[in-house]
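**Student:** What follows is a protein structure lacking sequence information:
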């Protein structure tokens, strides 16, 4: 286990709360975070929704699937950087690419385990303009 997590920069102590929760609560919270990230990012690619179902079922997917997700992250990140360089700033189109990259990254991490799940939460939360309400919903899920 690592000493610090990126999610703690958004919500101090959230990683520890998540890691102390039962596996059932962790998985439900992880799936909810990834789903919210996909919705917020406007992801419509069928692979994303298939991966979400794998996450819900507890499957880790295949190496080929993780590679495909990595390719999607790289593609959207490249489009984000290209667009930002092209217009000299981060505009709405660039942000759309950024949020899609983060949503796919969340899915990729969610197919892992332990620390990867905490990174998945951070990536999913990163798709949101207003992160605090999402963190509050996820914290509530850990307690119910």
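**Tutor:** Looks like it arrived, so ask away. Keep in mind the model is a prediction, meaning the values are calculated, not measured. Numbers count the residues shown, from 1 in each chain.
**Student:** For the rest of this, base every contact and every neighbour count on C-alpha atoms.
**Tutor:** Fine.
**Student:** so where's the longest helix in this structure?
**Tutor:** In the chain, taking DSSP state H as the definition, the longest helix is helix 63-87.
**Student:** List the buried residues of that helix.
**Tutor:** Within helix 63-87, the residues scored as buried using 16 or more other C-alpha atoms under 10 Å are 66, 69-70, 72-73, 76-81, 83-84.
**Student:** Backbone dihedrals for residue 43, both of them.
**Tutor:** According to degrees, to the nearest 10, the main-chain angles of residue 43 amount to phi -70, psi 130.
**Student:** cool, and residue 139?
**Tutor:** Dihedral pair for residue 139: phi -60, psi -40, per degrees, to the nearest 10.
**Student:** Can you tell me how far it is from residue 78?
**Tutor:** To residue 78, residue 139 is 33 Å away according to C-alpha to C-alpha, to the nearest Å.
**Student:** How about residue 71?
**Tutor:** Going from residue 71 to residue 78 by C-alpha to C-alpha gives 10 Å.
**Student:** Report the mean confidence score over whichever strand or helix holds residue 33.
**Tutor:** Per DSSP states H and E, residue 33 falls inside helix 23-41. For helix 23-41, the per-residue pLDDT values average out at 97.
**Student:** That helix: what's the following helix or strand?
**Tutor:** Downstream of helix 23-41, the next assigned helix or strand under DSSP H and E is helix 46-57.
**Student:** what about residue 49, neighbour count?
**Tutor:** By the criterion of other C-alpha atoms under 10 Å, residue 49 has 16 neighbours.
**Student:** cool, and residue 51?
**Tutor:** Residue 51 is flanked by 24 other residues according to other C-alpha under 10 Å.
**Student:** That one contacts residue 105, doesn't it?
**Tutor:** No - the pair residue 51 and residue 105 does not pass the contact test of C-alpha atoms under 8 Å, sitting 11.6 Å apart.
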